[in-house]
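Peer 1: model this:
(one chain, ligands or ions: 2)
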Amino acid sequence: MSKEYYLKISPHNHTTRYSECSSISALDIVRYSARANLDGIIITEHDCQWSDEDIAQLRKEALKMQICSPDFMIFAGREVTAVANGKHAHALVFGYRGDIPVDMDLRELCRQVHRQNAVVILAHPGRNGKKGIEDFWEYPADGIEYYS
Ligand SMILES: [Zn+2]
Ligand SMILES: [Zn+2]
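Peer 2: Numbering: from 1, shown residues only. Ligands and ions are numbered 1, 2, ... in the order given. Down below sits the predicted model:
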């Protein structure tokens, strides 16, 4: 019988570098995530994505400070602000290269992301009761964030 193997990756992280809502540095996210025995993190700033150079630099600093092991994984995604039913909706996008305009229609965002075989996850669709994404299960996303 084959053994199932899972990686524990924290997929939704904002840092003080590019997200005003955040009060934690990227290095601290790496530090606490590694300490909590996660295998990696994905940095998802609002409407911008860390460059490969930014990520490489962060990894270098983290290894130099010995706050994570060399096999700790650090990826960049982004949290896109889209519009669903006339209201702002947040979606996590992973594996997409290129620009994504702010406030695009959520359905169109899903299509655009899927054209690159990238992944879109609806972020906190049930947050704040009525402020969430109405009928979020109707959108062609790849998943939802259950808890944030
Ligand atoms: Zn967020
Ligand atoms: Zn959000």
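
Peer 1: how about the residue in the chain that ligand 2 sits nearest to, what does it touch?
Peer 2: Residue nearest to ligand 2 within the chain (C-beta to the ion): His90, separated by 3.5 Å. (C-beta placed from N, C-alpha, C; glycine too.) His90 is in contact with 79-82, 122-124, counting by C-beta atoms under 8 Å, 6 or more residues apart in numbering.

Peer 1: which positions within stretch 44-52 qualify as buried?
Peer 2: Of all the residues in stretch 44-52, those buried under the rule 16 or more other C-beta atoms under 10 Å are 44-50.

Peer 1: determine whether any part of it lies close to ligand 2.
Peer 2: No. Interface with ligand 2: stretch 44-52 contributes nothing (C-beta under 5 Å from the ion), its closest point being 7.3 Å away.

Peer 1: and that stretch, average pLDDT?
Peer 2: Regarding stretch 44-52, the rounded mean pLDDT is 97.

Peer 1: give me the number of residues near Pro140?
Peer 2: Neighbour count of Pro140, defined by other C-beta atoms under 10 Å: 12.

Peer 1: could you number the chain from 319 rather than 1 from now on?
Peer 2: Yes, from this point I'll number from 319; that puts the last item at Pro458.

Peer 1: show me where this protein has its strands.
Peer 2: For the chain, the strands defined by DSSP state E cover 327-331, 358-364, 391-402, 405-412, 422-423, 437-440, 461-462.

Peer 1: okay, now the sheet partners of the fifth one, with direction.
Peer 2: Right, strand 422-423. strand 391-402 (parallel) (DSSP bridges).

Peer 1: buried set for the partner strand?
Peer 2: So for strand 391-402, counting by 16+ other C-beta under 10 Å, buried means 392, 394-402.

Peer 1: and it with strand 405-412, angle?
Peer 2: Strand 391-402 runs at 150 degrees relative to strand 405-412, counting by axes from the mean of the first three to the mean of the last three C-alpha atoms, to 10 degrees.

Peer 1: on that earlier part again, can you narrow the contacts of His408 to ones near ligand 2?
Peer 2: Checking the contacts of His408 against ligand 2 (C-beta under 5 Å from the ion), the matches are Ala441.

Peer 1: okay, the contacts of His408 in CSV with distance to Tyr414 next?
Peer 2: As requested, the contacts of His408 are exported to CSV (distance: C-beta to C-beta, whole Å):
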residue, distance to Tyr414
Glu397, 12
Val398, 9
Thr399, 15
Ala400, 13
Leu440, 15
Ala441, 15
His442, 20
